[in-house]
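Chemist: following is a predicted model, sequence given first.
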Amino acid sequence: MLYIYNNMIHNRVKLLRTERGLSRKDLADAVGVNFQTIGYLERGDYNASLELAFKIADYFELPIDMVFSPRPFKSMAEELAELKAKAAK
Amino acid sequence: MFASFFKIFELKEKDLSRNALLRFRIFTILAIPAFPLITLVELGTLSDGAKDAVMIAALISMVFFVLIGLSRIANRFWTPNRYMDEWEVRLKQSSMSFAYQLILIAVVISVIVFISIDWMQSEAVLLNLKANQMFWIFANLFVMIIFLPLIYVIWALRAIDSDDARAKGGGAWYKKPGMIAAALVAVCFLSFFGVFVADAVHDMNYDYAAQCESSRVQSVTNKGLFKVDVECFTNEGE
């Protein structure tokens, strides 16, 4: 299905960062940017470059599409429900 | 060596806090009139009483101008891109693009105003500008070229901690900061430009009146918005 892009790339950076108990500064140092870049990225005010997106995905050891997506991410509960439904089929 | 030098001006979390940005926004409002006010004083448009008051206001305004110039946000503008991260480079580019657009609009408005006055005056005001008037036009343009990107950054940025404020129901005015910045500059530009144009036209008419210096009688009649009709008479009633 064709998705209409609105210049906004959604991300799970805040979720992943807080889950691992990292500060913005820790993550920023790890991927080689300033703290504010992570701050504006988390808030959706800034779209990361491809290079930074790969660095962040590598840091969290996840595929890039699990961290960044042009579509809004579904909540974990919804995703789990979908997985359960798929498994049941 | 340069890397450690530019690290001194690296942005800190407190530079982008809500309070810091609010403080800088107030500073920009107070700093914008500095150069236009000095220009008005230097052009000699004002009366002696008003001149002193305006000069004091300009100097106070200049203090805020300097304070902004010394801030870490301002100093990121002359940091080479290789010492900045991608967000800073993007912000610098978009702020310069904003400044370019505004200056272009200002130039177009100025040309239209001058052409309109020329049409009403049936004289070319733009070609009759004096050297000091040209100097102050370019001085203001130069300052604006430097200052506009800063205004954009200070007004368009949302503070890192503003999410918490919005959650509490505050910070709604953050929605259109770019528009507020543009409106601020527009108001200042239009008021300054209005006085400047009036001064230029007044000077030009004064020059016409001076043509009668050798004559004994002068008659100056206001005709229309800007038009001043000067008639020179000699003793013979010529």
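Modeler: Structure received. Numbers count the residues shown, from 1 in each chain, chains lettered A, B, ... in the order given.
Chemist: pretty sure residue A:72 sits against residue A:10.
Modeler: Yes. Residue A:72 lies in contact with residue A:10 (Cβ atoms under 8 Å); the separation is 5.3 Å. Every residue, glycine included, has its C-beta placed from N, CA and C.
Chemist: the more surrounded of those two?
Modeler: residue A:10 (14 against 8; other Cβ atoms under 10 Å in any protein chain shown).
Chemist: check what pLDDT that one gets.
Modeler: Residue A:10 carries a pLDDT value of 90.
Chemist: bridged to it, which residues?
Modeler: Beta-bridge pairing for residue A:10 (DSSP bridges): residue A:69.
Chemist: correct me if wrong: it contacts residue A:74.
Modeler: No. Judged on Cβ under 8 Å, residue A:10 makes no contact with residue A:74 at a distance of 10.5 Å.
Chemist: can you tell me the element the nearest residue to residue A:48 once chain neighbours are set aside falls in?
Modeler: Excluding the flanking residues, the one nearest residue A:48 by Cβ to Cβ, 6 or more residues apart in numbering or on different chains is residue A:41, at 5.5 Å. For residue A:41, the element it lies in under DSSP states H and E is helix A:35-43.
Chemist: check chain A for the residue nearest chain B and tell me.
Modeler: residue A:37 (3.9 Å; Cβ to the nearest Cβ).
Chemist: now do the contacts for that residue.
Modeler: A:28, A:46, A:48, A:52, B:85-88 (Cβ atoms under 8 Å, 6 or more residues apart in numbering or on different chains).
Chemist: okay if I get the residues you listed as TSV plus distance to residue B:4 and neighbour count?
Modeler: Below are these laid out as TSV (distance: Cβ to Cβ, whole Å; neighbours: other Cβ atoms under 10 Å in any protein chain shown):
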residue	distance to residue B:4	neighbour count
A:28	19	19
A:46	27	19
A:48	27	24
A:52	24	21
B:85	16	19
B:86	21	18
B:87	21	23
B:88	17	21
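Chemist: what helices and strands are in contact with the helix or strand bottoming out on mean pLDDT in chain A?
Modeler: When the helices and strands of chain A are scored by mean pLDDT, DSSP states H and E, helix A:76-88 comes last with a mean of 80. On a contact count with 3 or more Cβ pairs under 8 Å, 6 or more residues apart in numbering or on different chains; DSSP states H and E, helix A:76-88 meets no helix or strand.
Chemist: thinking again about what came up before, surely the residue nearest to residue A:48 touches residue A:10?
Modeler: No. In this structure residue A:41 lies outside contact range of residue A:10 using Cβ under 8 Å: 10.9 Å.
Chemist: so where's chain A shaky on pLDDT?
Modeler: Along chain A, the model assigns pLDDT under 70 to residues A:1-6, A:76.
Chemist: what parts of it come near chain B?
Modeler: A:32-37, A:39-41, A:43, A:45-46, A:48-49, A:52 (Cβ under 8 Å from any Cβ of the partner chain).
Chemist: can you flag the buried ones in those residues?
Modeler: A:33-37, A:39-41, A:46, A:48, A:52 (16 or more other Cβ atoms under 10 Å in any protein chain shown).
Chemist: what residue in chain B comes nearest to chain A?
Modeler: Counting by Cβ to the nearest Cβ, chain B gets nearest chain A through residue B:87, at 3.9 Å.
Chemist: which one is that residue nearest to, not counting chain neighbours?
Modeler: residue A:37 (3.9 Å).
Chemist: now do residue B:62
Modeler: residue B:34 (4.6 Å).
Chemist: looking at chain B, which helix or strand is least sure?
Modeler: Result, chain B / mean pLDDT, DSSP H and E: strand B:217-222, a mean of 52.
Chemist: ok, residues contacting the one helix or strand residue B:74 maps to?
Modeler: If you go by DSSP H and E, residue B:74 is part of helix B:72-75. Applying Cβ under 8 Å, 6+ apart, the contact partners of helix B:72-75 are B:9-12, B:15, B:24, B:68, B:150, B:153-154.
Chemist: and that helix, which residues are buried?
Modeler: Residues B:73-74 are the ones in helix B:72-75 that count as buried (16+ other Cβ under 10 Å).
Chemist: averaged pLDDT, that helix. What do you get?
Modeler: Mean predicted confidence for helix B:72-75 is 84.
Chemist: show the secondary-structure elements that the helix or strand following it is packed against.
Modeler: Following helix B:72-75 in sequence order, the next helix or strand is helix B:86-121 (DSSP H and E). Secondary-structure packing of helix B:86-121 (3+ Cβ pairs under 8 Å, 6+ apart): helix A:35-43, helix B:131-156, helix B:177-210.
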